[in-house]
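> everything below, folded, please.
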Amino acid sequence: MRSKQFFSSLLLALALLGVSINSFAQHEAAPAEAHHDGEKKKGFDASEVIFGHIRDSHYWHLFDISGEPVSFSLPVIIYDNQKGLSVFSASKFHHGHESYEGYKIDESNKIKEKIVAVNPVPGQKIYDLSITKNVLSMLISIVLLLWLLLGVAKKYQKNGTMTAPKGMQNAMEPIIIFLRDEVAKPNLGAKYLRYMPLIMTIFFFIWINSLLGLLPGGANFNGNIAFTACLALISFIVILFSANKHFWGHLLNPPGVPFGIKLLLVPIEILSLFIKPVALMIRLFANMLAGHIVILSVISMIFIFGSLNAIAGWGFMPISLAFTVFMFFLELLVGAIQAFIFANLTAVFIGQSIEEPHHHNHPLEYHGHDAAHPELTLAEEVKN
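Reported below is the predicted structural model:
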């Protein structure tokens, strides 16, 4: 039974990877194309293919057929303080080769998602509000997140907590309990219920986007630094607004520290306050981006060897596929781990900001539980 499950998972992974490999093969087999500057592109350009898959775009590319891309164009929404609001399809740009209504896709530095005016006028400001590939992926993940969690919540409201969970409710309950018992309670103490919606949203939002990004043609949303920066900013705002007097007192005026040391310690503490969200942002961005690049690089090695010699390309294919399957399953694990780390560190940082002062001379002094949360110890002692 286990062997059947293993081979089923292996076949599924190979089927998913097959679509991506077909896309790479079409890139390699396509004839040399002329660029806007008249230069010829020869052979297989691994960097162009890899970064073309992981960067944002106004087109959602699926695969190639006979060298022609199969994709659907996304809505372009531009607000120009000179022209007003413009809404049209990205197909009007013909993949960056033409302009439309005075706008075009800027191809400088191969950044194809930024829209600029062809002939800007003094004082002109353009705001790109387009639905890009990453934005659409985010909207899809939000719909999935609401469908999953609201569906589970409705079942609890209908059947109560004493009825055995079934279906999706049964799959989600261990994860929610794990987040409550291993993330929220140890770090947030008695106030954990107030922050559970935030912790759960962060975890499931990152995890769902990680899974969507591994599908063939999926968007590298978690590997976009704008996304990780927004999540880190939300966590940072919650940390600041949750902080109590005890936290600010130790941050700006550490007790029991000589004044000369405070002059050095306080700036370091203030700097560390801003380093926390930056660390959250970079950790998630770097890990998810690196995973996608590794998988795409290993696949592209087939066509790099194939461009040198056809036999070498076919000979290296089994090695590349085996390592790619391994990396695919590893990325499934990494996606869940990164979601847990981001949610757990957010809970840790919030817990530090809401920590109450310790009362060492209290008659119910702490004797062996979580010293970071004396209010829990007091409740346990009173109960006992």
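> below-threshold pLDDT in the stretch 1-150 of the chain: ranges please.
1-46, 49, 52, 63-64, 66-69, 106-114, 117, 119 (pLDDT under 70).
> okay, now the domains of this protein?
75-130, 134-354 (automatic domain parsing).
> so where does Ile199 fall, helix or strand?
According to DSSP states H and E, Ile199 maps onto helix 192-213.
> so Ala229 versus Leu252, what's the distance?
For Ala229, the distance to Leu252 equals 26 Å [CB to CB, to the nearest Å]. Using the backbone N, CA and C atoms, a C-beta is placed for each residue, glycine as well.
> and those two? which has more neighbours close in?
Just comparing Ala229 and Leu252: by other CB atoms under 10 Å the higher neighbour count belongs to Ala229, 17 against 11.
> can you tell me how far the more buried one sits from Val294?
23 Å.
> equivalent analysis for Gly306, please.
From Gly306 to Val294 the distance is 20 Å (CB to CB).
> for the chain, just list every one of the helices.
For the chain, the helices defined by DSSP state H occupy 2-29, 46-54, 133-159, 168-178, 185-188, 192-213, 225-242, 245-252, 259-308, 310-354, 374-383.
> state the pLDDT value of the residue positioned nearest the centre of the chain.
Centroid-nearest residue in the chain, with CA atoms, centre = their mean: Asn222, separated by 2.1 Å. At Asn222, the model reports a pLDDT of 85.
> ok, back up a step: want to throw the helices of the chain into JSON lines with distance to Ile77?
Below are the helices of the chain laid out as JSON lines (distance: least, CB to CB, whole Å):
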{"stretch": "helix 2-29", "distance to Ile77": "28"}
{"stretch": "helix 46-54", "distance to Ile77": "23"}
{"stretch": "helix 133-159", "distance to Ile77": "10"}
{"stretch": "helix 168-178", "distance to Ile77": "35"}
{"stretch": "helix 185-188", "distance to Ile77": "40"}
{"stretch": "helix 192-213", "distance to Ile77": "22"}
{"stretch": "helix 225-242", "distance to Ile77": "17"}
{"stretch": "helix 245-252", "distance to Ile77": "42"}
{"stretch": "helix 259-308", "distance to Ile77": "26"}
{"stretch": "helix 310-354", "distance to Ile77": "30"}
{"stretch": "helix 374-383", "distance to Ile77": "49"}
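> worst mean pLDDT among those?
helix 374-383 (a mean of 39).
> distance of Ile268 relative to Lys262?
10 Å.
> okay, the two: which has more neighbours?
Lys262 (14 against 10).
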